[in-house]
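Peer 1: compute the structure for the input listed below.
(chains A and B)
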Amino acid sequence: MADFLASAERKAFKQAVFAVKQDESALDIVQDSMMKLAEKYATKPAEELPMLFQRILQNTIRDWYRRSKVRTTWTTLFSSFGSNNDDDDERDFLETLEAENTSSIPVTPIDQLEQSQTLKIIEEAVEKLPARQREAFMLRYWEEFDVSETADAMGCSEGSVKTHCSRAVHALSLLLKAKGITLDTMPKPH
Amino acid sequence: MNENEIAKKITQTLDYGVSRMEESNVAKLRTARQKAMANYREPINLMGLVTVSGQTLNLSSWMTKPLFWLPILAIAAAAIAYNAMDDDIVDDSGALDAQLLTGELPINAFLDKDFQSWVKDSSR
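Peer 2: Numbers count the residues shown, from 1 in each chain, chains lettered A, B, ... in the order given. Purely as a prediction, here's the structure:
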C-alpha cells in the first residue's frame, strides 16, 4: 500500500491541481483519497489499487466541486461583507509567479529551458480542458487505463470515453498550436 | 500524428513536470501519505480461510454498539425461558410421583382413563 501511494501521489496531486487549480485544495484532495484507500481497501490486491485510487480521487474532486459551488453561492450572497476573492486572486498570482520562477531556472542548457516553457504551456492547456475531457485524457493516456477501465472509473460508457479523449486531444493540439508549439518537432523530455 | 502519438508526447511532458515537482509539494505529499498509512492495517489471514484487516478485528469498537449486544441478549433470554419451561415439566411429574407414592392422590384420579394411560406411559 505504501509503495503504491508513493508511486501514485505525484500524478494524483497534478491531476487534482489541474482540476481545482489550487495547490492547497489539491493536497487536501489527495490526502483524503489516500486515507480512504488505506482505511477501506486494505484487503484489496495490489493490482486493483490503481483503479480504486483513481475512482476515489475523481469522486473526491467532484465532491470538492460541489462544495465549492455551495461556497460560491454563499459568498455571492454575502459579498457585501467582503469576500475572499481578493485573497484567492493574490495567492494564485503568487503561486503562478513562484511556479514560473522555479520551472524556468536555467540550471542546464537551453533545451531544458525550452522544455520548462513547453511544460508550462502544456499544463495550462490541460487545465483549460473541460473537466470530463481532462478526466478522460488523464485516465486513458496518463494513467494508461484501457477504455473500459476509464469508463468504469468515470462512471460513463466506453463510447463517451472515446469521444472525450478524442475531443481532448484535438483541443490540446489546437491550444498548443495557438501557442506556437508543434508536437511533431517537440523534443522528448529527458 | 495520430491521437495516441499526440497524447504520448503530451503525457511525456507531463511526466517530466512530475519529476521536477517542487520539493515543498513533495514533502507535503510525503506527510499526507504518512497520515494515510497511520490508518492502514495490514491484512490478517485467519487459519488460511479468512482475510480481514486488523481494523475489523477490533472488538472493543464493536462492543460499544447496541446492535452487537441485541442478538446476544435475545439468545440468552431464549435459553433462560427454555430452561424455565423444562424445569416446570420436571417439577410437575415429580410432584405427581410423590403424590402417587404417598397415596395422597384423590380416588377419582385412579378412575380417570386418561390419567391411568398416562401413568402406564410414564412408567415404561
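Peer 1: which parts of chain A belong to which domain?
Peer 2: Residue ranges for the domains of chain A, per automatic domain parsing: A:1-76, A:110-190.
Peer 1: right, and those domains - which one's nearest residue B:81?
Peer 2: domain A:1-76 (40.3 Å; Cβ to Cβ). The way it works is simple: take the backbone N, C-alpha and C, and place the C-beta from them, glycine included.
Peer 1: what about the closest one, near chain B?
Peer 2: Yes - using Cβ under 8 Å from any Cβ of the partner chain, domain A:1-76 reaches chain B at A:1-2, A:5-6, A:9-11, A:13-14, A:23, A:27, A:30-31, A:34-35, A:37-39, A:42-43.
Peer 1: just the buried members of these?
Peer 2: Burial by neighbour count, 16 or more other Cβ atoms under 10 Å in any protein chain shown: within the residues of domain A:1-76 next to chain B this picks out A:1, A:5, A:9-11, A:13-14, A:23, A:27, A:30-31, A:34-35, A:37-38, A:42.
Peer 1: report the helix or strand with the lowest average pLDDT across chain B.
Peer 2: Across the helices and strands of chain B, mean confidence by mean pLDDT, DSSP states H and E is lowest for strand B:50-53: a mean of 50.
Peer 1: please, which helix or strand holds residue A:66?
Peer 2: For residue A:66, the host element (DSSP states H and E) is helix A:49-77.
Peer 1: could you pull out the helices for chain A?
Peer 2: A:2-20, A:23-40, A:49-77, A:85-103, A:110-128, A:131-137, A:147-154, A:158-178 (DSSP state H).
Peer 1: would you list those in TSV and tack on mean pLDDT and distance to residue B:120?
Peer 2: Listed next are these as TSV, based on pLDDT from 0 to 100; distance: least, Cβ to Cβ, whole Å:
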stretch	mean pLDDT	distance to residue B:120
helix A:2-20	88	78
helix A:23-40	89	68
helix A:49-77	84	73
helix A:85-103	41	97
helix A:110-128	81	96
helix A:131-137	92	86
helix A:147-154	90	75
helix A:158-178	91	81
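Peer 1: if we compare these, which one ends up closest to residue B:119?
Peer 2: Closest among the helices of chain A, once you apply Cβ to Cβ, is helix A:23-40, at 67.8 Å.
Peer 1: helices or strands up against the closest one?
Peer 2: Using 3 or more Cβ pairs under 8 Å, 6 or more residues apart in numbering or on different chains; DSSP states H and E, the elements in contact with helix A:23-40 are helix A:2-20, helix A:49-77, helix B:23-38.
Peer 1: so which of these gets nearest residue B:1?
Peer 2: helix A:2-20 (22.6 Å).
Peer 1: what packs against the closest one?
Peer 2: Other helices and strands packing on helix A:2-20, by 3+ Cβ pairs under 8 Å, 6+ apart, are helix A:23-40, helix A:49-77, helix A:110-128, helix A:131-137, helix B:3-19, helix B:23-38.
Peer 1: gap between the most centrally placed residue in chain B and chain A?
Peer 2: Chain B has residue B:68 as the residue nearest its centroid, 7.3 Å off, counting by Cα atoms, centre = their mean. Relative to chain A, residue B:68 is positioned 21 Å away (Cβ to the nearest Cβ, to the nearest Å).
Peer 1: quick one: closest of the helices and strands packed on helix A:23-40 to residue A:173.
Peer 2: Closest approach to residue A:173 among these (Cβ to Cβ): helix A:2-20, 17.5 Å.
Peer 1: which residues does the closest one contact?
Peer 2: A:23, A:25-27, A:29-30, A:33-34, A:37-38, A:46, A:49-50, A:53, A:57, A:61, A:64-65, A:68, A:123, A:126-127, A:131, A:134-135, A:138, A:142-143, B:14, B:17-18, B:21, B:25-26, B:29, B:32-33, B:36-37, B:40 (Cβ atoms under 8 Å, 6 or more residues apart in numbering or on different chains).
Peer 1: can you pull the domain assignment for chain B?
Peer 2: Domain assignment for chain B by automatic domain parsing gives B:3-40, B:66-123.
Peer 1: for stretch A:13-20, the distance to its chain's centre please.
Peer 2: Put simply, stretch A:13-20 sits 3 Å off its chain's centre (Cα atoms, centre = their mean, to the nearest Å).
Peer 1: so how do I select the buried members of the contacts of helix A:2-20 in PyMOL?
Peer 2: Only the buried entries of the contacts of helix A:2-20 go into this PyMOL selection, using 16+ other Cβ under 10 Å:
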select buried, (chain A and resi 23+25+26+27+29+30+33+34+37+38+49+50+53+57+61+64+123+126+134+135+138+142+143) or (chain B and resi 14+17+21+25+29+32+33+36+40)
